[in-house]
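Student: predicted model, plus sequence, below.
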Amino acid sequence: MQQMDFRVDNKVWVLVADGEKALFFENAGTRHAPDFKVVREMEQDNPPNREQGTDAPGRTYDSGPGPKSAMEPTDWHRLAQERFARDAAELLRKYALNNRFRQIVLCASPRVLGELRKELHQEVADRVIGEVAKNLTNHPVDKIERILSAG
């Protein structure tokens, strides 16, 4: 368990996200007795690559007599995760500009957290008080509360 150096006090928001689902919570309790209430839920259908791409990777001719090189196949699943992170960051920007939250903790898988970080508007980035590089989207809310109040 990673040591957390932030406190999820009353009114602090928590974003729990992976590349397909995002849950926006507000702590209606205290740091020692959290009570996360869902503010918003986002979902995106993101099937595995094998179900999204049907064409074989492209090929290109190299300079010289006859050799061909295969091109890197498109990772449709990862592109959809990146798009989802952009959409979540944009929603956070709107909430921040409307002063819906003062502080937020970001919880996401390491890859999605990295994408979120790149996409965050400065108004949101200034309100981030902590990050947890772990996918918690499939955990029940009471377990998420316990994990984030254990610090």
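Tutor: Thanks, I have it.
Student: what's near enough to touch the nearest residue to Lys134 once chain neighbours are set aside?
Tutor: Leaving aside its chain neighbours, Lys134 sits nearest to Cys107 (6.5 Å; criterion: CB to CB, 6 or more residues apart in numbering). Bear in mind the C-beta positions are built from the backbone N, C-alpha and C, glycine included. Cys107 makes contact with 14-17, 131-132, 134, 136, 144, 148, according to CB atoms under 8 Å, 6 or more residues apart in numbering.
Student: how about low-confidence regions in this structure?
Tutor: 1-4, 45-77, 151 (pLDDT under 70).
Student: just want the most central residue of it.
Tutor: Nearest residue to the geometric centre of the chain (CA atoms, centre = their mean): Ala17, 4.0 Å.
Student: Provide a list of residues in contact with it.
Tutor: Per CB under 8 Å, 6+ apart, neighbours of Ala17: 23, 84-85, 88, 106-108, 112, 116, 137.
Student: what about Asp5, distance to Ala96?
Tutor: Using CB to CB, to the nearest Å, Asp5 is found at 22 Å from Ala96.
Student: thinking again about what came up before, need the contacts of Ala17 in CSV with distance to Gln44, can you?
Tutor: Output for the contacts of Ala17, formatted as CSV (distance: CB to CB, whole Å):
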residue, distance to Gln44
Leu23, 13
Phe84, 5
Ala85, 10
Ala88, 10
Leu106, 18
Cys107, 18
Ala108, 14
Val112, 12
Leu116, 14
Thr137, 12
